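In: fold the following.
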Amino acid sequence: MEELEGIANRTDFDLGSHSKNQDELNLFAKVMPNQDSNMKFVMQDLDDKTVFVPYVIEPSAGLDRGVLAILVESFTKEILENGNERVILKLKPHLAPFKIAVIPLAKNNQQIVEKAREITKNLNKLGIGRVKYEDTGNIGKAYRRHDEVGTPFCVTVDFETLSDKEKTVTIRDRDSMQQKRIPIKELEKSLMEFYTYGRLKQ
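Out: The predicted structure follows:
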């Protein structure tokens with residue numbers, strides 16, 4: 001169990017420690033004597049004209065706690081129709097470490113690999129974030145790997161990319177797992193539209 005936020009009641013210790021004439025302040029906390037202070041950190045009760053040392057409440061929420069909260073909120077497990085479990089990190093696209101993964105269907109086919117590397121290079125030029133060239137494992141394992149790290153989209157280059165007239169690729173959505181064919185010439189525009197306006201061209 002990790003702490004997401006700390007809230008410490010410091011009582012009157014902090015201000016009492018920095019005050020002079022501590023023995024006159026009726027402090028709740030036990031403080032070390034301070035002979036060097038020339039101020040009293042007190043407030044006055046206007047009703048009865050008494051003074052008191054305010055309590056300090058110290059909240060703490062660092063960067064690591066914020067990241068942990070995002071990861072906990074994004075981590076999801078789904079049971080698929082075939083009974084298998086799918087782990088997804090449903091990060092908002094602007095928080096995803098990889099914005100897109102480009103996957104060659106056959107990593108031993110030079111034409112497919114070259115086309116996938118070319119697409120990766122061109123997408124990286126868009127300035128939308130890191131685009132990952134992914135050629136480890138089969139296509140199913142590649143999809144699952146990028147589900148787990150939160151990559152919003154996978155673009156697959158396959159044999160149809162080489163053979164069809166429009167040179168289409170498959171684009172897969174992380175959350176819905178829906179796939180569709182899209183011409184390479186429209187790929188950059190569609191992804192730029194998504195990362196600019198939050199929607200993918202239909």
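
In: from the rest of the structure, what touches the helix or strand bottoming out on mean pLDDT in the chain?
Out: Least confident helix or strand of the chain, by mean pLDDT, DSSP states H and E, is helix 184-197 with a mean of 85. Defining contact as CB atoms under 8 Å, 6 or more residues apart in numbering, one finds that helix 184-197 is touched by 93-94, 99-100, 119, 122-123, 126, 128-129, 152-153, 155, 161, 166-169, 171, 182, 199-201. The way it works is simple: take the backbone N, C-alpha and C, and place the C-beta from them, glycine included.

In: go through it and flag the buried ones.
Out: For helix 184-197, burial by neighbour count (16 or more other CB atoms under 10 Å) applies to 184, 187, 190-191, 194-195.

In: quick revisit: of the contacts of helix 184-197, which belong to helices?
Out: Using DSSP state H to define helices, the subset of the contacts of helix 184-197 located there is 119, 122-123, 161.

In: select only the buried ones of the residues you listed in ChimeraX?
Out: Here is the ChimeraX selection string for the buried members of the ones in helices among the contacts of helix 184-197, based on 16+ other CB under 10 Å:
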select :119,123,161
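
In: between the ones in helices among the contacts of helix 184-197, which is nearest Val53?
Out: Leu123 (60.1 Å; CB to CB).

In: do I have it right that the closest one meets Ile100?
Out: Yes. With contacts counted by CB atoms under 8 Å, Leu123 reaches Ile100, the gap being 5.8 Å.

In: so what's Asn109 up against?
Out: Applying CB under 8 Å, 6+ apart to Asn109 gives the contacts Phe159.

In: would you check how far apart it and Val157 are?
Out: Counting by CB to CB, to the nearest Å, the separation of Asn109 from Val157 is 9 Å.

In: before we move on, what about Glu186?
Out: Distance, Glu186 to Val157, by CB to CB: 15 Å.

In: over to Ala142?
Out: Taken as CB to CB, the span from Ala142 to Val157 is 12 Å.

In: quick one, which of these two is more surrounded?
Out: Relative neighbour count places Val157 above the other of Ala142 and Val157, with 28 against 22, counting by other CB atoms under 10 Å.

In: so what's that one up against?
Out: Neighbour list for Val157: 102-105, 112, 115-116, 119, 169 [criterion: CB under 8 Å, 6+ apart].
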